[in-house]
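Peer 1: Make a model of this:
(chains A, B and C)
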Amino acid sequence: MKKVKADPKGVLTGAHYLDGDFALAEGALAAGCRFFGGYPITPSTETAERFSERIPRVGGIFIQMEDELGSIASLIGAVWGGKKAMTVTSGPGFSLMMENIGLACMMETPLVIANVQRGGPSTGLPTLTGQQDMMQAKFGSHGDYEIIALSPDSPQECFDLTIEAFNLSETYRVPTFIMTDECVGHMHEKVVIPPADEIELVERKWYTGPKEAYLPYKPDKDLVPFMIKAGDGYRFHTTGLTHDERGYPVINAECQKVNVTNIIEKIRKNADKIIKIEEDQIDGAEVVLISYGITSRVAVRAVRLAREAGIKVGTMRLITVWPFPEKRIKELAPKIKAFIIPEVNYGQMVREVERSAAGKTQVFGVPHCGGWVHNPEDILNVIKEAVK
Amino acid sequence: MNDEARQKNPIEHLLRMDRIPHIWCPGCGIGTVVTSFAEALRKSNIELDKIAVVSGIGCTGRVAGYIKLDSFHTTHGRAIPFATGLKLANPELKVVVFSGDGDIFGIGGNHFIHAARRNMDLTVICVNNFNYAMTGGQVAATTPTDANASTAPYGNFEQPFSIPYLADAAGASYVARWTALHLRRVTKSIQEGMDKNGFSLIEVITPCVTLYARRNRLGDGLNLLKYYYDKSEIKHGADTRDLDISYQGKLIVGKFIDRERPNFIDAMNQHMSTVLGDDYELYGRINND
Amino acid sequence: MNQKIYFGELKATKGEIHIIRDRCKGCGFCVEYCPKDVLALSDEFNIKGYHPPFVENEDNCVYCQLCENICPEFAIFVTKKEEEDVEKG
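Peer 2: Now for the predicted structure:
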């Protein structure tokens, strides 16, 4: 993994008052993203607007595509053309992107997609918040694959995690999602952008060996193959079909096994390196509250009230949502009375916690249909119930 | 000429010979269009390492897998937006989209009109075999009215797209139509398309023997080529409103549109440098490292 | 006007046809569209079970390469006969 410093041209060093959507764009520009293909959709549009204003001044391309199918396809093309690329969307657009997210996984194309979630299903609540696409992020495209998803809880984190998303995406050659939501997207806060030389970026895993020996899908030691770009004389082929190391389609079960195993294991085997969680007062906790994104901020009050009431509550904030930190959950499960998982959906990540806890402790979800965040009292009540 | 050269088809260096024979049926014309394309590549002055081929899905979608250039086999309908990203990210590339009528004008129709509207510098070669062949001969956006298809067992009552008319209306810089039998004219149009500084479309009407011809009892590949021979009429510059194709009817072919208009990157550079002045660095003309 | 002044020394170019028999799928395009009727379909089968073409009248070939360009299988091509080759027959 080769690390380089950010190009100062894209870095707006200083303290700013930005909303989460703008911070996403600034994070991407700082990370060296120079291609944005997107389609307007509430509540993510501000990111596209920011890109359209900023990217022509830093030597990049903004194109407003005809739809989200085109956005994601243009991103994959742009990455194979040598650029770092990003798009931003919300539920309906995310649904439209699903097929080509599979293509990006199959072609092992690094790119970043931010989903500023709103309430669904369907058109749902365009202007109001939700966390209902968490499972879709992992399982929305057909077939078996792995992706990485991060969940920021503030505009500052929108900036920081976008850089992180690009770095992870380049390291593992995998689509990486920033699963934020309307509240964080439209929340204005102070965002500190460091000087360019303090921003460390992962360079694409460029192939440097002899041309004749290049195999586009031969896994390296970390299971991630080396990459090249179009126009460099390799005359390579890549396809969404099941393929061998040459990138040639091979339609049989044996090749499928190798191909699918590679794209899954490169993430699963590196999960410990990828996963970032934030824990507080876990030691000696009776219950552990697990949350992510905007819900983490709402839960702060519920946790404080519970602690005031004498309940030992530990907290775990998922910065990385996918791959899921199942090892840590498994480790904690026998030591505590319960996990509590508030989320602005009818119960999604709670299922992952249940699976990981494997019956070793109780698991309580705190569902919310979307449109607004939880009332901290509702979370508090579940905490109280859990320790009964 | 040495013995080795005598044993090799002169386009073999442009093909992935380790994947030949290809999957196309006996009598299918896609291979012929590929040969015409390969001829265009041989005659062209464009550096081969700077040409990329993007295909979607379908019989013609497999072309990218046989051409020995940087080649991308993408998803159904999305070859054009993929190519758009590729071209914009690396403007020194000459990007050719090689796909079928169902891919480009059925599922991918929206991308086609927008790429033409933007005058994206792409060369689109559309093999039109009047049906969805890979999946078994279903009715398509190009199936002539009254033709039979596996999902139009009582005949097609819809009106098909006239591809050149659509391309013209959407703003393409270069529009031509040929049949697969017009070998050298196809080659010439592909060359002209690649040399065009903007969006070009070359429609090539091609026999689908196994499905379209069999279902409509039109005989084999030779019978279809004979139909092209008998019924095609070259009318360069014809009004694109008059190019409808009726079932086994006349095929007006030729070069219909060849006009100059700034392509996407040129228009962007011109506009942005006017508006932003020195804050704007011309895109795509910076270095050749 | 004496035509000989202009054309007397010119000879028609001759071609040598190469058929990669086992690549052929027997569509017959080359046989049908050869303007000089150089080719015919053989009765024999190739490895895939198709009848490939064979060269019936090579002397008639004028190196137009139409067979090469129409073949959907890249299975036939023509090389130019150098003059000495033509003389040797």
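
Peer 1: mean confidence score for stretch A:213-225?
Peer 2: Average pLDDT, stretch A:213-225: 97.

Peer 1: For it, give me every contacting residue.
Peer 2: Residues outside stretch A:213-225 that contact it (C-beta atoms under 8 Å, 6 or more residues apart in numbering or on different chains) are A:108, A:171-173, A:205, A:207, A:226-228, A:234, A:236-238, A:243-247, A:259, A:262, A:265-266, A:269-270. Where C-beta positions appear, they are placed from N, C-alpha and C, glycine not excepted.

Peer 1: Repeat the analysis, applying 6 Å as the threshold.
Peer 2: Under the criterion C-beta atoms under 6 Å, 6 or more residues apart in numbering or on different chains, residues A:172-173, A:207, A:234, A:236, A:245-247, A:262, A:265-266 lie in contact with stretch A:213-225.

Peer 1: Same question for stretch B:223-236.
Peer 2: Stretch B:223-236 has contacts (C-beta under 6 Å, 6+ apart) with B:179, B:181, B:207, B:213, B:250-255.

Peer 1: buried subset of the residues you listed?
Peer 2: Buried members of these, scored by 16 or more other C-beta atoms under 10 Å in any protein chain shown, are B:179, B:181, B:207, B:213, B:251-255.

Peer 1: The contacts of stretch B:223-236: which two are farthest apart?
Peer 2: Between any two of the contacts of stretch B:223-236, the greatest separation by C-beta to C-beta is 27.3 Å, found for B:213 and B:255.

Peer 1: Backbone dihedrals for residue A:37, please?
Peer 2: phi -120, psi 120 (degrees, to the nearest 10).

Peer 1: Contacts only, for the residue nearest to it when sequence neighbours are not counted.
Peer 2: The shortest distance from residue A:37 to any non-neighbouring residue, by C-beta to C-beta, 6 or more residues apart in numbering or on different chains, is to residue A:74 (3.6 Å). Counting by C-beta under 6 Å, 6+ apart, residue A:74 makes contact with A:37, A:65, B:81, B:84-85.

Peer 1: hang on, residue B:163 packs against residue B:201?
Peer 2: No. Counting by C-beta atoms under 6 Å, residue B:163 stays clear of residue B:201, with 7.2 Å between them.

Peer 1: shared neighbours, the two?
Peer 2: With C-beta under 6 Å, 6+ apart, residue B:163 and residue B:201 have no common neighbours.

Peer 1: The two - which one has more neighbours?
Peer 2: Comparing residue B:163 with residue B:201 by other C-beta atoms under 10 Å in any protein chain shown, the one with more neighbours is residue B:201, at 30 against 26.

Peer 1: so is the more buried one in a helix, a strand, or just coil?
Peer 2: strand (DSSP: H, G, I helix; E, B strand; the rest coil).

Peer 1: element containing the closest residue to it other than its chain neighbours, please.
Peer 2: Excluding the flanking residues, the one nearest residue B:201 by C-beta to C-beta, 6+ apart is residue B:167, at 4.4 Å. Here residue B:167 sits within helix B:163-170, counting by DSSP states H and E.

Peer 1: CA atoms only for the next helix or strand along the chain from that helix, dumped as CSV, please.
Peer 2: Going down the chain from helix B:163-170, the next helix or strand is strand B:174-179, by DSSP H and E. C-alpha atoms of strand B:174-179 as CSV (Å, rounded to 0.1, in the frame of the first residue of the first chain):
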residue,chain,number,x,y,z
TYR,B,174,-22.1,11.7,-37.6
VAL,B,175,-24.8,9.2,-38.6
ALA,B,176,-24.6,6.4,-41.1
ARG,B,177,-26.5,3.2,-41.7
TRP,B,178,-25.2,0.2,-43.6
THR,B,179,-25.9,-3.5,-43.8
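
Peer 1: Give me the pLDDT for the residue nearest the centre of chain C.
Peer 2: Nearest residue to the geometric centre of chain C (C-alpha atoms, centre = their mean): residue C:17, 4.4 Å. Note on residue C:17: pLDDT of 96.

Peer 1: Look at the closest residue to chain B within the stretch 251-388 of chain A and say how many residues are nearby.
Peer 2: Using C-beta to the nearest C-beta, the closest approach of the stretch 251-388 of chain A to chain B is made by residue A:251 at 10.2 Å. Residue A:251 sits with 9 neighbouring residues when counted by other C-beta under 10 Å.
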